[in-house]
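In: only geometry, no sequence info:
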């Protein structure tokens, strides 16, 4: 975790940490404007699971149709129906886990509609996202083949809201039973002789809302009933995920855990979006500051939800999963009409938001199992944007590049970080406005001879000069990359796809014990240090 300490406390530690020395001129300006950080490589938090960088794709807008799937007969370059450019970009990014088919869509989705010959599949109305007719041409086999193409582990969200225990039980057998049963033989007849071996299964989605508007004890009763019929087949051991809270709803979490009566899930899913009051490319300073400041509340929610789970599960056998997260800006009606529901451009602001989220996952690595950004293509905080079902263009968004900057952390051990600054603001009293405080965000991880440190400057009007003291390691050399743009509303557009991309960045090691670099306003940077 990050520890925020006062200037007095930080100064008292200065002699031991070599932080009282003046910052040399040349790399920075003056010492007075520097941000002081301590990286404690000798104080471990937990494994930075690759699953923290997982994704979510729903039958919503143009995420699936026109985004991932264009069809086998499309004039758009494709691999057996999958948009070729999207496959290549996502494979390069390395998606650890992909969750599907929803979202709200999951609890009105019946998996049998999406198997067998495409021309014979049932056409259903998508009641959650526009009442359009879903032709189910992208179903179980198509999703699992897509996961194979991009190297992602699949995560299927089962239908509890409008489904039955039998339906979920049969879907698991269809996917995982080796051979010989009617369902396994049906899978083979549909083109997949070998079992899919799907490990991750969500038992419902947002059952406090679009998944049935249930009470906690009501959902827990459904979870108990549904999971009675789930089984491990072959070499696949199921990881069953229960529906957790909306945001930091401790009442829901406590109610579910109490009513589960000992039938504990493997995972517990929470959703937490960072809302925005302006359209994506028209954010005001105040709207941006309010949105970015909300990540402090996300971090506090993760800490509190984990603490509550620990009262029922002190050995942490239940994994806390942030199943859906990301910025949710005010939609532009014209963009939605043209590109589909919840189509959202990605700007430098949203890249900074991605960095704030990925940093806090590192800092809370001991409390988390998986995190899934919403959503993969075109919808909300996506990593790719396409220009419609007939459009050839596919661009990597600023969010994509923020995730790329954090790849070096995967499978390393997160270590503790201390930053100098004011203490976090307290909640405002009645009638008082809470002060919005944005400051340097840092996380670090270590493995073998590499120490990786990521920095986010969320300020739109202030550069930062960072002086990192290194504890527990001696650094020999450093390289860094940075993602930044002076306009926080700038984006990678179809006719300007490389407006925001990572670039090499100056970083210097001094005396083996300090890392020096500067951070322009609105920037995300990662430094890789060779250490001993």
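Out: That came through fine. Fair warning: this is a prediction, and the values are worked out from it, not measured in the lab.
In: please count neighbours and contacts with C-alpha atoms only from this point.
Out: Noted.
In: low-confidence ranges in the stretch 251-400 of the chain?
Out: 389 (pLDDT under 70).
In: do a quick rundown of the strands in it.
Out: Per DSSP state E, counting those that start in this stretch, the stretch 251-400 of the chain carries strands over the ranges 267-279, 319-330, 370-374, 384-386, 394-396.
In: ok, which of those strands comes nearest residue 177?
Out: Shortest distance between residue 177 and those, using CA to CA, is found for strand 267-279: 22.6 Å.
In: who are the packing partners of that closest one?
Out: Packing contacts for strand 267-279, counted by 3 or more CA pairs under 8 Å, 6 or more residues apart in numbering; DSSP states H and E, involve strand 239-246, helix 285-312, strand 319-330.
In: quick one, what contacts residue 161?
Out: Contact partners of residue 161, counting by CA atoms under 8 Å, 6 or more residues apart in numbering, are 107-108, 204, 207, 211-212.
In: repeat for residue 359
Out: By CA under 8 Å, 6+ apart, the contact list for residue 359 reads 441-443, 454-455.
In: cutoff 6 Å now
Out: residue 443 (CA atoms under 6 Å, 6 or more residues apart in numbering).
In: sorry, back to before: among the strands of the stretch 251-400 of the chain, which comes closest to residue 58?
Out: Nearest to residue 58 among these is strand 370-374; the distance by CA to CA comes to 8.8 Å.
In: just the angle for the closest one relative to strand 267-279, thanks.
Out: Orientation check (axes from the mean of the first three to the mean of the last three CA atoms, to 10 degrees): strand 370-374 against strand 267-279 gives 30 degrees.
In: what's the spacing between the residue nearest the centre of the chain and residue 204?
Out: Residue closest to the mean C-alpha point of the chain, counted by CA atoms, centre = their mean, is residue 373 at 3.1 Å. Note on residue 373: its distance to residue 204, by CA to CA, to the nearest Å, is 18 Å.
In: reformat the strands of the stretch 251-400 of the chain as TSV; add distance to residue 464.
Out: Output for these, formatted as TSV (distance: least, CA to CA, whole Å):
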stretch	distance to residue 464
strand 267-279	25
strand 319-330	24
strand 370-374	28
strand 384-386	30
strand 394-396	27
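In: so which of those strands gets nearest residue 84?
Out: Smallest distance to residue 84 across the strands of the stretch 251-400 of the chain (CA to CA): 9.5 Å, for strand 394-396.
In: next, the buried residues of whatever helix or strand residue 45 lives in.
Out: Assigned by DSSP states H and E, residue 45 belongs to strand 34-47. By 16 or more other CA atoms under 10 Å, the buried positions in strand 34-47 come out as 34-41, 44-47.
In: what is it packed up against?
Out: In terms of contacts (3 or more CA pairs under 6 Å, 6 or more residues apart in numbering; DSSP states H and E), strand 34-47 is packed against strand 413-420, strand 464-471.
In: show the average pLDDT along the first one.
Out: Strand 413-420 shows a mean pLDDT of 94 in the predicted model.
In: just stretch 53-64 next, same as before
Out: Stretch 53-64 carries an average pLDDT of 97.
In: give me the neighbour count for the closest residue to residue 42 other than its chain neighbours.
Out: Excluding its sequence neighbours, the residue lying closest to residue 42 (CA to CA, 6 or more residues apart in numbering) is residue 472, at 4.7 Å. Neighbourhood size, residue 472 [other CA atoms under 10 Å]: 13.
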